[in-house]
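> give me the fold of what follows.
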Amino acid sequence: MRFALGTSLSALGSENEDFAAAASGAAVLLDGAGVAGAETGCVHGVAWFSGTLGALLLRTLTARPAWSLAECLADSLRVVRSLHEDVCDLEHRASPTSTVVAVRARDGVLEHLVLGDSSLLLAERDGRSSVVTDRRLDEVGARLRGAVDELPTGSPEHAAALAEYRDALTSLRNRPDGFWIAGPDPLAAEHALTGTVPLDSLASVTLLSDGATRLVDRFGLASWSEVLAVLDSAGPDELIRRTREAEDSDPDGRRWPRGKAHDDATVLHWALS
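Predicted structure coming up:
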């Protein structure tokens, strides 16, 4: 088993809100989320939340092999809550949240969990591949984006429309008619997408934040099989480099409308064969 990790900040001087780590037989990737420009109610911030939750989750995955991945996530969320509920306002509408992708090899299968819009790419030994992505956030967002995609990324008008969109999106967080994401309430873990795949059928497992899937799902410049070819031959850094190259070619979001010209991008590639 070989792990390769690549990550890149959305902009110089910003804080990377992605987190990824691996241990023997397990890996996690989280993409922290807040409301840009808004107070979070948390003195620690989004990067602290995703990093603390990710480290605790990886430890729980390895220390509690009899627990399901959802149980591991719920327990980790409870622990993180206990670490800052006395000093932070966890009822604040913009309290830090995070997507979660977690995998664990156990008893001949690969268990997986996906919550939020990060992705899990499963490459099989016979050349086929499949992607697990929680699309509930995208489905809700598509109903709310309105003028955001019609305005140049980075313009004052785009910033105002984006703030309005994010405010509306936040009101639907962790609700049955909205979407689910890891945050102050451990109940969100029960709504994660979970499953298992025979371990001996897999060639590789790749965890990606949404900033690293743009070449496929937003820009349409690559297929998943092409992404796998890049990862197997050149590694995560090359995939991220190509993503940045595409973003730089469209800084105003005219060709590919998006909330941010650049996003934190993280890839954890686990080669099993």
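> dump the residue contacts of the residue most central in space within the chain.
Nearest to the mean C-alpha position of the chain, by C-alpha atoms, centre = their mean, lies S118 at 3.3 Å. Shown in contact with S118 (C-beta atoms under 8 Å, 6 or more residues apart in numbering): L29, L30, D31, T99, V100, V101, T133, D134, L207, L208, S209, D210. (Each C-beta comes from the backbone N, C-alpha and C, glycine too.)
> beta partners of the second one?
L30 forms beta bridges with F19, V100, as assigned by DSSP bridges.
> circling back to that earlier point, of the contacts of S118, closest to F179?
D134 (7.8 Å; C-beta to C-beta).
> quick check: the residue nearest to L151 when sequence neighbours are not counted vs R214, distance?
Leaving aside its sequence neighbours, L151 sits nearest to H158 (C-beta to C-beta, 6 or more residues apart in numbering; 3.9 Å). Note on H158: its distance to R214, by C-beta to C-beta, to the nearest Å, is 18 Å.
> how many neighbours does the nearest residue to T133 once chain neighbours are set aside have?
Once flanking residues are discounted, T133 sits nearest to S119: 4.4 Å by C-beta to C-beta, 6+ apart. Per other C-beta atoms under 10 Å, the neighbour tally for S119 reads 23.
> and if you look at S130?
S130 has 11 neighbours, counted by other C-beta under 10 Å.
> ok, it - contacts?
The contact partners of S130, taken as C-beta under 8 Å, 6+ apart, are L121, L122, E124.
> what helix or strand is the second one on?
Following DSSP states H and E, the helix or strand that holds L122 is strand 119-124.
> can you give me the mean pLDDT across the helix or strand just after that strand?
Counting by DSSP H and E, the next helix or strand C-terminal to strand 119-124 is strand 129-133. Averaged across strand 129-133, pLDDT comes to 96.
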